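Trainee: the following comprises the amino acid sequence and a computationally predicted model.
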Amino acid sequence: MSPAEAERHIDLIRQLSRPGGPVSKDAPTATINNPAWWVDGELTPQRGRLFGQLLADASARYPEARGESKALVLAGPPGAGKGSVADRVLGASKSSYVNIDADDFKAALLRQAIADGSYESWIKPAAVRDLEAAGERLYPMELAALVHEESSELASAQRARMMTRGTNIVVDTVLGSEASAVELGTQLERAGYSVHVVDVEVPFEVSEERIVQRWAEAITAAEAGQDPLGGRWVPSAYARPLFDTAHGRARSQDAAALLAENPAVQRFERHFTSMDEHRSAIAEGRRAQPARELNLARLHPGGPMVDAAYMKRAPTAAVRKPGSQKDLGRGGPELS
């Protein structure tokens, strides 16, 4: 696909996925609207069996997961680079965690739909059929919004299942609202988890560019026959409002700071990739290196947050208290 073709195709997807459009998350052919699968907000037995199988398959991918009641919560907008930062944070212990990401369930749902025929018979809307008849090719992951609600349900169910067992988990999420932060923190605290929050932030322009870049890379792989699902598109109607904040960064920054106030959180980090670093990395052909703006930890469970580096030097002195949500949003707490 040439650059001009890619730009035209992206504009087409944006139109299809606009609020109320045929590829929006609440469109008529969204899986949540299939009466054979959902009735009055509840799974039918048929769909419930599929959910059970997908959850079992997801758990089976992590045979080395441990039951240490540890949680790594990743927060940040699409394209922030949460996965790369998580790899560095976890290091050799990565295999002892179950990664919970709704995007993985989107892919699983679409693969199942292709296999059982429901992708063609239900999910694919008439507008897409018309485009394909005219020669346009759309890949399944470009229609991922149509399985959005179910993928979120599956991710929540997997998290609840793992927490019941005390299994180590990575919660890979945008964390786009304060309400979701409070709810997640409460769940983890009640389950007795020790929580490490890692917030990974980028400017909107970087997020937008990386969304397009990831999509383009996945489409190239699909055209080469490597993955028939293609690249997932993140609708602009979802990504842009995340940055409608007073400080200009994503809502996830405030939500992560609020989550860090929960006593179950033992460590809180924030990483930020500036536009300058993003541009320099592209020009130099390397991976961008986010700067760590915050690195806080608790001296003891339920105690105040302190600077992690300072704690190593003087663990009982000069405590750094967690700032307000607004303080954290503008660069960190102040020494007291």
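Mentor: Great, that's in hand. Residues are numbered from 1 along each chain as shown.
Trainee: quick check: mean pLDDT of stretch 114-124?
Mentor: For stretch 114-124, mean pLDDT rounds to 97.
Trainee: whoops, stretch 190-208 was the one
Mentor: Mean per-residue pLDDT for stretch 190-208: 96.
Trainee: first-to-last residue distance for it?
Mentor: End-to-end span of stretch 190-208 (CA to CA, to the nearest Å): 36 Å.
Trainee: what about that stretch, distance to the chain center?
Mentor: What separates the centre of stretch 190-208 from the centre of its chain is 9 Å, taken as CA atoms, centre = their mean, to the nearest Å.
Trainee: please apply the same query to stretch 283-290.
Mentor: Relative to the chain's own centre, stretch 283-290 is displaced by 22 Å; criterion: CA atoms, centre = their mean.
Trainee: any idea how far the helix or strand encompassing residue 89 is from the chain center?
Mentor: Taking DSSP states H and E as the definition, one finds residue 89 inside helix 82-90. Remark: helix 82-90 is offset 13 Å from the chain centroid, using CA atoms, centre = their mean.
Trainee: adjacent strands (with direction) for the helix or strand just after that helix?
Mentor: Of the helices and strands lying after helix 82-90 in sequence (DSSP H and E), the nearest is strand 98-100. Neighbouring strands of strand 98-100 in its sheet, by DSSP bridges, are strand 169-172 (parallel).
Trainee: how many neighbours does residue 34 have?
Mentor: Residue 34 sits with 18 neighbouring residues when counted by other CB atoms under 10 Å. Heads up, the C-betas are built off the backbone N, CA and C, glycines and all.
Trainee: can you pull the contacts of it?
Mentor: Contacts for residue 34 (CB atoms under 8 Å, 6 or more residues apart in numbering) come out as 118, 122.
Trainee: what about the residue lying closest to residue 147 once chain neighbours are set aside, distance to residue 17?
Mentor: Of all residues not flanking residue 147 in the chain, residue 109 sits nearest, at 4.3 Å (CB to CB, 6 or more residues apart in numbering). As judged by CB to CB, to the nearest Å, residue 109 and residue 17 stand 17 Å apart.
Trainee: now do the lengthiest helix in the chain: which elements does it pack against?
Mentor: The helix spanning the most residues in the chain, taking DSSP state H as the definition, is helix 204-223. Packing contacts for helix 204-223, counted by 3 or more CB pairs under 8 Å, 6 or more residues apart in numbering; DSSP states H and E, involve helix 3-16, helix 236-239, helix 275-284.
Trainee: which of these sits most buried?
Mentor: helix 236-239 (a mean of 17; mean count of other CB atoms under 10 Å).
Trainee: so where's the chain uncertain?
Mentor: By pLDDT under 70, the weakly predicted segments of the chain are 235-237, 310-336.
Trainee: where do the helices sit along it?
Mentor: Secondary structure of the chain, counting by DSSP H: helices at 3-16, 45-60, 82-90, 102-116, 118, 126-133, 148-165, 178-190, 204-223, 236-239, 251-260, 275-284, 308-313, 325-329.
Trainee: among those helices, which is the most enclosed?
Mentor: Across the helices of the chain, the average number of neighbours (mean count of other CB under 10 Å) peaks for helix 251-260, which reaches a mean of 26.
Trainee: what angle do the longest helix of the chain and helix 275-284 make?
Mentor: Here the directions of helix 204-223 and helix 275-284 differ by 30 degrees (axes from the mean of the first three to the mean of the last three CA atoms, to 10 degrees).
Trainee: angle of helix 204-223 against helix 3-16?
Mentor: Using the same axes, to 10 degrees, helix 204-223 lies at 110 degrees relative to helix 3-16.
Trainee: per-domain residue ranges of this protein.
Mentor: What automatic domain parsing lists as the domains of the chain is 1-63+101-165, 66-97+168-330.
Trainee: from residue 229, how far off is the most centrally placed residue in the chain?
Mentor: Centroid-nearest residue in the chain: residue 173, 3.3 Å away (criterion: CA atoms, centre = their mean). Distance, residue 173 to residue 229, by CB to CB: 21 Å.
Trainee: and if you look at residue 174?
Mentor: 21 Å.
Trainee: one more: residue 89?
Mentor: Noted for residue 89: a distance of 28 Å to residue 229, by CB to CB.
Trainee: next one: residue 206
Mentor: When residue 206 is compared with residue 229 (using CB to CB), they lie 25 Å apart.
Trainee: then residue 305?
Mentor: Computed as CB to CB, the residue 305 to residue 229 distance reads 41 Å.
Trainee: the two - which one has more neighbours?
Mentor: Taking neighbours as other CB under 10 Å, residue 305 and residue 229 compare with residue 305 leading, 23 against 19.
Trainee: partners of that one in the sheet?
Mentor: Taking DSSP bridges, one obtains residue 298 as the residues bridged to residue 305.
Trainee: quick one: it and residue 294 touch, right?
Mentor: No. Assessed by CB atoms under 8 Å, residue 305 is found out of contact with residue 294, at 9.4 Å.
Trainee: identify the contacts common to those two.
Mentor: Counting by CB under 8 Å, 6+ apart, the contacts common to residue 305 and residue 294 are residue 268.
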